[in-house]
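Student: A predicted structure for the sequence below; I have some questions about it.
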Amino acid sequence: MDSSRIREHMQVIGADGSNVGIVDRVEGNRIKLTRASSGEGAHSGHHHFIPVSLVADIEGDKVRLSAKGDVAVTMEQEEDGEHR
């Protein structure tokens with residue numbers, strides 16, 4: 001996967017088409033999601049990250065992951081690399 005094709009404000013969707021978040025930017029081998037799209041409750045108000053290795057394809061302005069949305073969010077990481 002060529003992560004240079006991933007751009008700011010692209011929608012990140014699971015393999016099932018469900019919304020996972022919005023791209024803030026790519027940092028190394030991870031996609032940084034915008035704060036506004038990074039969870040609820042204790043997980044709101046800060047960025048979460050998705051490994052670029054989960055990207056299956058880029059379709060227009062959408063980044064499609066290889067995992068379904070409900071599974072992909074369990075793989076989200078905090079800034080320090082810990083799983084949320």
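Tutor: Perfect, I can see it now. Numbering: from 1, shown residues only.
Student: now the helices: where do they sit in the chain?
Tutor: In chain order, the chain shows helices spanning 69-72, with DSSP state H as the criterion.
Student: Do you have the strands of it handy? List them.
Tutor: Counting by DSSP state E, the chain forms strands over residues 11-13, 19-27, 30-33, 49-51, 55-59, 62-65, given from the N-terminal end onward.
Student: winner for burial among those strands?
Tutor: strand 30-33 (a mean of 22; mean count of other C-beta atoms under 10 Å). C-beta coordinates here come from the backbone N, C-alpha and C atoms, glycine included.
Student: mean confidence for that one?
Tutor: Averaged across strand 30-33, the pLDDT comes to 94.
Student: what's the burial count for residue 37?
Tutor: When neighbours are counted by other C-beta atoms under 10 Å, residue 37 registers 17.
Student: Need the strands of the chain in TSV (columns: distance to residue 77).
Tutor: Conversion of the strands of the chain to TSV gives the following (distance: least, C-beta to C-beta, whole Å):
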stretch	distance to residue 77
strand 11-13	14
strand 19-27	11
strand 30-33	7
strand 49-51	4
strand 55-59	15
strand 62-65	14
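Student: and of the ones you listed, who's closest to residue 3?
Tutor: In this view, the strands of the chain are compared for proximity to residue 3 by C-beta to C-beta, and strand 19-27 is the closest at 5.1 Å.
Student: So for the protein, the centremost residue is which one?
Tutor: residue 50 (4.2 Å; C-alpha atoms, centre = their mean).
Student: dump the residue contacts of the nearest residue to that one once chain neighbours are set aside.
Tutor: If you skip the residues right next to it in sequence, residue 50 has residue 31 as its closest partner in space, 4.6 Å away by C-beta to C-beta, 6 or more residues apart in numbering. For residue 31, the contacting residues are 3, 6, 12, 23, 49-52, 55, 63, taking C-beta atoms under 8 Å, 6 or more residues apart in numbering as the criterion.
Student: what's the spacing between residue 47 and residue 61?
Tutor: Distance check for residue 47 against residue 61: by C-beta to C-beta, to the nearest Å, it reads 20 Å.
Student: Please consider this matter closed, and thank you.
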